[in-house]
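S.K.: predicted model, plus sequence, below.
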Protein chains: 2
Amino acid sequence: MKTNSSAFFRKKLQEKSLKVTPQRVAIYEAVVELKNHPTAENIIDYLKINHPNIAVGTVYKVLDFLVEHGLLEKVKTEKDFMRYDAVLTNHHHLYCAETDRIEDYEDDELNALLNAYFKKKKIKHFNVRDIKLQITGNFYTNLKTH
Amino acid sequence: MKTNSSAFFRKKLQEKSLKVTPQRVAIYEAVVELKNHPTAENIIDYLKINHPNIAVGTVYKVLDFLVEHGLLEKVKTEKDFMRYDAVLTNHHHLYCAETDRIEDYEDDELNALLNAYFKKKKIKHFNVRDIKLQITGNFYTNLKTH
DNA sequence: TTCCTAAATGAGAATAATTATCTTTGAGGA
DNA sequence: TCCTCAAAGATAATTATTCTCATTTAGGAA
């Protein structure tokens, strides 16, 4: 899992002739490992354990760098912090404002529906590049009774 | 136009037994007048002309207050600033990352499509409250040649 | 393998948006 | 008109992020 994402990451950087540094690998893996679309702060905390020497500024710079080169995506919520996502496939987000939890939501039928709609309906004065749904609401757990 | 939105706003506050202050009215109207989903800073600048005595802190407090009471909505982009929207009907956003322009996109057919989809497709462990599309791309203008 | 160079990193200061504090003011009910 | 509590003003404090600059290093060349 970790080695897989690391190998993928190194390969991607090398394809683009970008330097593979231990910091870039560690920060990318932190985003992969931290499931809940982490903030820069989450990543900094996480790295303290295994990579205590990575500077705060480096985390911000590397995150920007990785977004710029398409290896991470920014995720925006109503809160002030920017969050990051290593999943690059066409997907949407379930978001709970109370708990600030984000989960990926991927469904081929939904994507097909949206593609069909936007193929038919041209928007005046706008070229569509990407469509993302933010589905706001509440997560709940079924309490098992046994 | 301005008087209409002002009357609507006053009525809304009074219905909820919330105080109608000149600052609240001015800040709300600034969001209505400033079309491009303004930031707090945009609002502060705009208010300098006609309401030079409104404090910066007040703008932030009132914006939070109005979001909390459902009179404004927060809009977050890839940039760092929070932005505000006075349009409360079910709508989506066209967003251009290069120019940071946001436009509302409202289409009954799209909303019907989404409602139908989410009525049929129940998401496990999640109650949907609101669905918002962020449509990323580029605005363009047809250059007229005559 | 070693050297070289531009690019990346580390450390910490600087910035800027937002929040907090605390005193004064005023909206709106009595 | 008065009273009271919430709202606003002024400004200090906070905090996420950016900047600066000296040092280090990845990766290509010799």
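M.R.: Thanks, I have the structure now.
S.K.: tell me what the helix or strand hosting A:V32 is packed against?
M.R.: Using DSSP states H and E, A:V32 sits within helix A:22-33. Helix A:22-33 makes packing contacts with helix A:2-15, helix A:40-50, helix A:56-68 when contacts are defined by 3 or more Cβ pairs under 8 Å, 6 or more residues apart in numbering or on different chains; DSSP states H and E. The way it works is simple: take the backbone N, C-alpha and C, and place the C-beta from them, glycine included.
S.K.: can you give me the buried ones in it?
M.R.: A:23-32 (16 or more other Cβ atoms under 10 Å in any protein chain shown).
S.K.: ditto for stretch A:78-86
M.R.: Applying 16+ other Cβ under 10 Å to stretch A:78-86 flags A:82-86 as buried.
S.K.: any idea how far the helix holding A:V32 is from the chain center?
M.R.: Taking the mean of its C-alpha atoms, helix A:22-33 sits 12 Å from the chain's own mean (Cα atoms, centre = their mean, to the nearest Å).
S.K.: could you double-check that A:L71 lies in contact with A:F9?
M.R.: Yes - counting by Cβ atoms under 8 Å, A:L71 touches A:F9, with 6.9 Å between them.
S.K.: number of nearby residues for the residue in chain A that DNA strand D sits nearest to?
M.R.: Relative to DNA strand D, the nearest point of chain A is A:G57 (3.0 Å; Cβ to the nearest atom of the strand). Using other Cβ atoms under 10 Å in any protein chain shown, A:G57 has 8 neighbouring residues.
S.K.: distance of it from A:D80?
M.R.: 19 Å (Cβ to Cβ, to the nearest Å).
S.K.: what bridges to A:Y84?
M.R.: A:K74 (DSSP bridges).
S.K.: what sits up against the helix or strand of chain A with the lowest mean pLDDT?
M.R.: Of all helical and strand segments in chain A, the minimum by mean pLDDT, DSSP states H and E falls on helix A:2-15, at a mean of 87. Here helix A:2-15 makes contact (Cβ atoms under 8 Å, 6 or more residues apart in numbering or on different chains) with A:19-20, A:24-25, A:28-29, A:32-33, A:71, A:86.
S.K.: could you list which of the residues you listed also contact DNA strand C?
M.R.: Among the contacts of helix A:2-15, the ones lying near DNA strand C by Cβ under 7 Å from any atom of the strand are A:19, A:24.
S.K.: need the max-distance pair from the contacts of helix A:2-15.
M.R.: A:K19 and A:E33 (22.1 Å; Cβ to Cβ).
S.K.: where does the prediction get shaky in chain A?
M.R.: A:1-3, A:143-146 (pLDDT under 70).
S.K.: how about the residues of it near DNA strand D?
M.R.: A:13-14, A:17, A:19-22, A:39-41, A:56-57, A:60, A:64, A:80-82.
S.K.: switch to 10 Å and redo it
M.R.: Contacts of chain A with DNA strand D, taken as Cβ under 10 Å from any atom of the strand, map to A:10, A:13-14, A:17-25, A:39-44, A:53, A:55-61, A:63-64, A:74, A:79-83.
S.K.: of those, which count as buried by neighbour count?
M.R.: Buried among those by 16+ other Cβ under 10 Å: A:13, A:23-25, A:39-40, A:42-44, A:58-59, A:63, A:74, A:82-83.
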